[in-house]
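Generate coordinates for the sequence data below:
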Amino acid sequence: MKERIGRLVGEEHARYLQMGTFHSVFARILRAEADKIGYSSNFTIYDQTDARSLVKAIIKELGLDDKVYKPSSVADRISMAKNHLLLPQQYAQSAWATDDTQQKRPQVSTIYIRYAERCRQANAMDFDDLLVQTWVLFQTHEDIRQKYVEKFQFVLVDEYQDTNYAQQAIVYQLTKERQKVCVVGDDAQSIYSFRGANIDNILNFQSQYQNARLFKLEQNYRSTQLIVQAANSLIRRNERQIPKNVFSKNEHGERLQLKPAYSDKEEAMIVTQDIKRIRRQDHCSWSDFAILYRTNSQSRSFEEQMRKDNIPYRIYGGLSFYQRKEIKDVIAYFRLIANPNDEEAFKRIVNYPSRGIGDTTVGKIVQTAQVFGVSLWQVIKEPVLFPMDVSKGTMTKLQNFRELIEGWITRLNTEDAYTLGHDIIMNSGISKDIYSGRNPEDISRQENLEEFLSGMQDFVEARREEDMADQIYLPDFLQEVALLTDLDSDEGDSDDKVTLMTIHSAKGLEFPTVFVVGLEENIFPSPMCTNSMRELEEERRLLYVAITRAEKHCILTCAQNRWRYGRMEYDTPSRFIRDIDPELLQVQSEGTIEKVSFERNRNYRSDGPEWMQNPRPVATQFKADPKPRVVAPRQPEKPVDPFGPNFKRVYNAVAPRPLATDPSPSDLREGAKIEHQRFGIGTVTRIEGTGENTKATVEFKNTGTKQLLLKFAKFKIIG
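Below you'll find the predicted structure:
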């Protein structure tokens, strides 16, 4: 940015600009003024790892249960409080502390106070302190504030819609007298409230600063005209916004496409087929495609299908599904049960979740195994033959672990992979550990675990249906996973790969072709974001951001059926699909899959494209106090633990809709057209066998040819 400004005004003038992120600019100020607030200028800046480590140490010193006071969750809580300028003593008297007590974590305020004291003793600030201490400096030293008011006579803030309460408060400290401030941003792209970003900062700017002028930069240089118009029709459904009429002078382009699928399996196949089709048609690269989803857990089905179709891909800003820690931990349990001599699996999970078997004990097990030339498992299985120098209490813990694993080994070839896998996750303590947190990182782990179980259930049911019931056990599932992970597409240095990412990660990026997948209720909008209009409008902005990443093609998908909590559930299309002008959306559907209702809302005009130039009126003024207002951060709902004894369904999904009442094999004929619950529309090409052994070979439109054992198959005859 400095180079670009230099080209406009000259390098000599640009040299004197003070420019940087909030944190870097304020860090320079604090280095110069540290002594005014009790620090020395050589203070250390703690990163997230340092901060969490200190919080963990304090929790241990206070004798608190780190399962209740998870260091990462407590550190995130303190961070959010700082971003709202809640100092330690204030926090203890605030509604935040009351909420902590209700969540059975009443000592968070004590941890916060001690954390702040320890940071000061160590002459250290964390990243949040760079904001908080700057605000404190200006608040308590008027002469210093005036010094920087004089120095920064003109202030420009970019991406203003992403600023939090603390950042806006400091900007106000620097600009309230002169009011020479320019902020740049797009309220329609405010999607980070979970990090503390406050959309009110940009919506209320004109009320906070007298004589403020609004300049609308409405030309979109990225997308085709129809993509821009479709995005406009969506975002106009938000009440709280600065109204804009974004336009494009690019080519007219094609309408958005909506492709409903019968299941997440068919959805993934539709996407990969479209990628191959458009790549041939447009003569483009793999890197010209992006698949955007609401949550990280949704990557699984697309990763698996692209591996099968040899499509190279990368996970942007994250790990491949089977490389995520919580998934690798579960798979390590499965591996040890299938093969107790698996040394790496043993070492990974012998003390996860924590059962008091530390690194010292594991080291002794390894040393003993090497001396006697046996596996680690044999050492703890036959401690008399392979003696170790460990205490009686430690030996008891090892034997308890051995008995736990042996209990599952006896069921290895009698219970299917899903049934046994679910029990392992529940009774090993993994579910209790993963469902004990509430921050976004914890929620993501929970979603990944649920998706993993859904994949296991799909694996079992598909093999039963395809007459492979002798291959539904845990070793079979592990073999499938091993084959998939062996084909990990991140091998090689080529950048020519399809990009998979969450929509939050996609902000600021662009691709010729974008797929926005999983557009169903309970996924998008997220069920945790339907409690208020404020949250729901942010979800709508999130879809707006997704659509506007596309340059030429924007394809939306939704699935009618998905595995959840061990059963197939029926979902309705996202309410946001109905917010898009139907004249700008092409729906591709066949068979009796439920069609999306696109009747116009009465607030829409019925005269077609002209409506784009005459949107329904939206309030342009927002009441605001002249001083920044604290808006409490959105707190996720208490996570649902499907493994807990009191589990109740909280999703709004309708119970799975039966496609048929077990059609008799005699009802099916070669040439018949069927609608399958997961594979979609297909034509029967062959029938063989009799009675319970009757099989049908079916050629499905999107999912290929399948051989179905009719006594397990879920379908209905439609022609």
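
Residues contacting the host helix or strand of residue 233, please?
Using DSSP states H and E, residue 233 falls within helix 225-235. Counting by C-beta atoms under 8 Å, 6 or more residues apart in numbering, helix 225-235 makes contact with 188, 220, 223, 241, 245-256, 540-541, 543-544, 547-548, 550-551, 554, 576, 579-581, 584-585, 609, 612, 615, all of which sit outside it. Where you see a C-beta, it was placed from the backbone N, CA and C, and this is true even at glycine.

How far away from the center of its chain is that helix?
Centroid displacement of helix 225-235 relative to its chain, using C-alpha atoms, centre = their mean, to the nearest Å, is 25 Å.

next helix or strand past that helix?
Counting by DSSP H and E, the element after helix 225-235 in chain order, helix or strand, is strand 247-248.

What's the mean pLDDT across that following strand?
Strand 247-248 shows an average pLDDT of 97 in the prediction.

cool, and stretch 158-169?
If you average the per-residue pLDDT over stretch 158-169, you get 96.

now, which of the contacts of helix 225-235 lie within strands?
Counting by DSSP state E, the members of those that fall within strands are 220, 247, 248, 256, 550, 551, 554, 585.

now the residues you listed: which count as buried?
Restricting these to buried positions leaves 220, 248, 256, 550, 551, 554, 585, with burial counted as 16 or more other C-beta atoms under 10 Å.

ok, the third one to residue 500 distance?
Using C-beta to C-beta, to the nearest Å, we find residue 256 at a distance of 20 Å from residue 500.

Which PyMOL command selects the buried ones in the contacts of helix 225-235?
Buried residues within the contacts of helix 225-235, as defined by 16+ other C-beta under 10 Å, are selected in PyMOL through the command that follows:
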select buried, resi 188+220+223+241+246+248+250+253+255+256+540+541+543+544+547+548+550+551+554+576+579+580+581+584+585+612+615
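
Count the residues that sit near the closest residue in space to residue 719 that isn't next to it in sequence.
For residue 719, the nearest residue in space outside its immediate sequence neighbours is residue 673; the separation is 3.7 Å by C-beta to C-beta, 6 or more residues apart in numbering. One way to gauge burial is a neighbour count; for residue 673, by other C-beta atoms under 10 Å, it gives 13.

Is residue 673 bridged to anything, and to what?
Beta-bridge partners for residue 673, by DSSP bridges, are residue 683.

these two touch, right, it and residue 681?
Yes. Under the contact definition of C-beta atoms under 8 Å, residue 673 touches residue 681, with a separation of 6.8 Å.

what touches both of those two?
Common contacts of residue 673 and residue 681, defined by C-beta under 8 Å, 6+ apart, comprise residue 718.

Look up how far residue 119 lies from the residue lying closest to residue 164 once chain neighbours are set aside.
In space, not counting the residues next to it along the chain, residue 164 is nearest to residue 196; the distance is 4.0 Å by C-beta to C-beta, 6+ apart. Taken as C-beta to C-beta, the spacing of residue 196 relative to residue 119 amounts to 20 Å.

Please name the residues that touch the closest residue to residue 231 other than its chain neighbours.
When the adjacent residues along the chain are set aside, residue 231 lies closest to residue 547, with 4.6 Å between them (C-beta to C-beta, 6+ apart). In this structure, residue 547 makes contact with 227, 230, 231, 234, 256, 514, 516, 554, judged by C-beta under 8 Å, 6+ apart.

wait, the fifth one sits on residue 583?
No. With the criterion set as C-beta under 8 Å, residue 256 and residue 583 do not qualify as a contacting pair; they are 10.7 Å apart.

Next SSE downstream of the strand or helix carrying residue 326?
Mapping residue 326 onto the secondary structure by DSSP H and E places it in helix 325-338. Beyond helix 325-338 in the direction of the C-terminus, DSSP H and E gives the next helix or strand as helix 343-349.

Can you name the residues in contact with that next one?
Residues lying outside helix 343-349 but in contact with it, judged by C-beta under 8 Å, 6+ apart, are 328-329, 332-333, 335-336, 339-340, 362, 366, 369, 375-377, 428.

packing partners for the helix or strand following it?
Following helix 343-349 in sequence order, the next helix or strand is helix 359-372 (DSSP H and E). When contacts are defined as 3 or more C-beta pairs under 8 Å, 6 or more residues apart in numbering; DSSP states H and E, helix 359-372 sits against helix 343-349, helix 376-381, helix 392-409.

how about those, which one is nearest residue 36?
Nearest of the helices and strands packed on helix 359-372 to residue 36, taken as C-beta to C-beta: helix 343-349 at 50.0 Å.

could you dump the closest one to PDB, C-alpha only?
Coordinates of the C-alpha atoms in helix 343-349 are reproduced here as PDB (Å, rounded to 0.1, in the frame of the first residue of the first chain):
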ATOM      1  CA  GLU A 343       3.600 -48.900  18.200                       C
ATOM      2  CA  GLU A 344       2.700 -45.500  16.900                       C
ATOM      3  CA  ALA A 345      -1.000 -45.900  17.700                       C
ATOM      4  CA  PHE A 346      -0.100 -47.100  21.200                       C
ATOM      5  CA  LYS A 347       2.100 -44.100  22.000                       C
ATOM      6  CA  ARG A 348      -0.500 -41.700  20.600                       C
ATOM      7  CA  ILE A 349      -3.400 -42.800  22.700                       C
END
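
for the record, mean pLDDT for that helix?
Along helix 343-349, the predicted local confidence has a mean pLDDT of 94.

Same question for it: list its buried residues.
For helix 343-349, the buried set under the neighbour-count rule, 16+ other C-beta under 10 Å, comprises 345, 346, 347, 348, 349.

coming back round to it: and the helix holding residue 326, what's buried?
Counting neighbours by 16+ other C-beta under 10 Å, one finds that the buried residues in helix 325-338 are 326-338.

so that helix versus helix 392-409, what angle?
In this structure, helix 325-338 runs at an angle of 80 degrees to helix 392-409, with axes from the mean of the first three to the mean of the last three C-alpha atoms, to 10 degrees as the basis.

For helix 325-338, enumerate the helices and strands it packs against.
Under the contact definition 3+ C-beta pairs under 8 Å, 6+ apart, helix 325-338 sits against helix 343-349, helix 392-409, helix 417-427, helix 430-434, helix 440-465, helix 474-486.

Any stretches of the chain with poor pLDDT?
With pLDDT under 70 as the threshold, the chain has low-confidence stretches at 486-493, 565-566, 589-666.

Okay, the most centrally placed residue in it and residue 226: tell me how far apart.
Residue closest to the average C-alpha location in the chain (C-alpha atoms, centre = their mean): residue 295, at 3.2 Å. Residue 295 sits 28 Å away from residue 226 when distances are taken as C-beta to C-beta.

any idea of the angle the helix holding residue 326 forms with helix 440-465?
Compare the direction of helix 325-338 with that of helix 440-465 by the same axes, to 10 degrees and you get 40 degrees.

Give me the contacts around helix 325-338.
For helix 325-338, the surrounding residues in contact (C-beta under 8 Å, 6+ apart) are 321-322, 342, 344-346, 348-349, 352, 377, 405, 408-409, 412, 421, 424-425, 428, 430, 434, 445, 448-449, 452, 474-475, 477-478, 481.
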